[in-house]
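Q: predicted coordinates and the sequence they were generated for:
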Amino acid sequence: MTDDLPDRTRLAEAVFDEHPDQIAVIDTDGVIQATNRAWETFGIENGAQIGSDMVGENYLTVCRTGDDELGTRAADGIEAVIEGEQSTFSLEYPCHAPEEERWFTMRVREFEFDGDPLVLVVHADITDRFLAEQAVSERNDLLELVTGILSHDLRNPLSVALARNEMLASDDDGHVGAVERSLERMNDIIDDALLIARETDVVAVERLDLGDAAREAWSHVRTDGGELHAPTDASIAADRTLLLQLFENLFRNSIEHGTPDGADGDTETAVTLTVEVGDDGFSVADDGPGIPADQREQVFEAGFTTDSGGSGLGLLIVREIATAHGWEIDVTDGPDGGAMFVVSGVTVYD
């Protein structure tokens with residue numbers, strides 16, 4: 001050992017004592033041979049009834065004291081490691097203080113020192129992680145409740161309203177059409193909200209015909225007399241369900257913002273959309289009014305919409321679907337003066 005290096009034994013002892021987790025070394029009988037400063041401090045701060053460092057105490061006996069199921073599980077796990085039935089053991093458990101809720105994890109593993117088998121027991125405070133996981137779980141439960149309301153409690157009366165509205169169409173004086181559009185918009189908002197709540201995970205990437213996917217998505221949306229031009233010989237790698245959803249949302253966005261009010265079915269004013277493939281992806285362009293340059297970053301944000309009846313979720317979902325695939329999406333001017341959404345980073349087949 002060179003003079004400028006500390007003695008390894010003293011260094012190891014210092015690290016052992018300075019480690020923030022509570023650490024104990026026990027022998028094969030369960031007797032504590034050594035503990036670090038954090039172990040001793042924890043005992044003092046939590047009213048230990050025996051010597052705070054607990055050296056010489058049988059830790060298995062301590063764990064089994066009282067009628068504590070967690071203590072019994074801890075002792076059983078430690079014994080399994082001592083007896084060689086498993087090399088490691090871990091257990092998460094609550095250990096609350098009078099003014100604070102706390103959770104810890106105990107990790108146990110075997111090791112050898114000077115030829116003797118020993119066991120390392122480490123207790124780590126995981127309160128922050130546990131509370132974060134609990135918050136996520138509660139949030140997921142809330143989202144599950146919301147999706148249930150959207151998919152059942154709200155969807156059912158909406159379906160009834162759409163059916164009854166269709167029955168009234170023969171007496172239409174202009175109001176029925178407006179009601180129908182509002183109901184259909186509600187239906188779209190429900191679909192968007194459900195997709196956000198259930199996340200946009202890529203399930204199965206496969207080789208897909210880009211034009212076929214675009215045309216199928218086009219058949220799912222209300223086109224208001226619009227027209228779609230899509231390629232006939234281009235293929236990409238994508239999740240089929242999510243690609244269709246991406247196209248549907250882009251198409252709805254262009255139709256809603258590119259078709260003048262009252263122009264339903266009017267081919268002279270209806271929007272035309274063009275899907276084209278490139279070396280690194282594909283684009284969807286329309287010949288509508290376009291998107292102002294100062295709004296192009298905002299259009300993908302949650303809640304942003306220039307339509308008083310919009311949900312502000314449609315293009316957010318498009319961005320999430322692109323991100324889930326590892327793609328990038330940008331919006332720019334289209335060749336016909338409208339908006340063009342450019343998706344890059346896509347695997348395109350020759």
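A: Looks like it arrived, so ask away.

Q: ramachandran coordinates for the closest residue to residue 240 other than its chain neighbours?
A: With sequence-adjacent residues excluded and distances taken as Cβ to Cβ, 6 or more residues apart in numbering, residue 240 is closest to residue 208, at 5.8 Å. To be clear about C-beta, it is placed using only N, CA and C from the backbone, and glycine gets the same treatment. Dihedral pair for residue 208: phi -130, psi 140, per degrees, to the nearest 10.

Q: so what's the residue count around residue 208?
A: When neighbours are counted by other Cβ atoms under 10 Å, residue 208 registers 18.

Q: any idea how far stretch 93-113 is from the chain center?
A: Taking Cα atoms, centre = their mean, to the nearest Å, one finds stretch 93-113 lying 29 Å from the centre of the chain it belongs to.

Q: and the end-to-end length of it?
A: 29 Å (Cα to Cα, to the nearest Å).

Q: ok, and the closest residue to residue 225 other than its chain neighbours, which helix or strand is that part of?
A: Excluding its sequence neighbours, the residue lying closest to residue 225 (Cβ to Cβ, 6+ apart) is residue 270, at 3.6 Å. Using DSSP states H and E, residue 270 maps to neither a helix nor a strand.

Q: residue 270: how many residues sit nearby?
A: Neighbour tally, residue 270, other Cβ under 10 Å: 20.

Q: do the same with residue 80
A: Residues lying near residue 80 (other Cβ under 10 Å) number 15.

Q: now it. Nearest residue, chain neighbours left out?
A: Here the residue nearest residue 80, using Cβ to Cβ, 6+ apart, is residue 86, at 5.1 Å.

Q: ok so, going back, is it true that the residue nearest to residue 240 touches residue 234?
A: No: using Cβ atoms under 8 Å, residue 208 makes no contact with residue 234, being 9.7 Å away.

Q: check contacts around the residue nearest to residue 240.
A: By Cβ atoms under 8 Å, 6 or more residues apart in numbering, the residues touching residue 208 are 235, 236, 237, 238, 240, 243.

Q: quick check: bridge partners of the third one?
A: Right, residue 237. Legend: beta-bridge partners of residue 237 under DSSP bridges are residue 207.

Q: if I look at residue 183, how far off is residue 166?
A: For residue 183, the distance to residue 166 (Cβ to Cβ, to the nearest Å) stands at 10 Å.

Q: looking at those two, which one has more neighbours?
A: The neighbour comparison of residue 183 against residue 166 (other Cβ under 10 Å) goes to residue 183, with 17 against 12.
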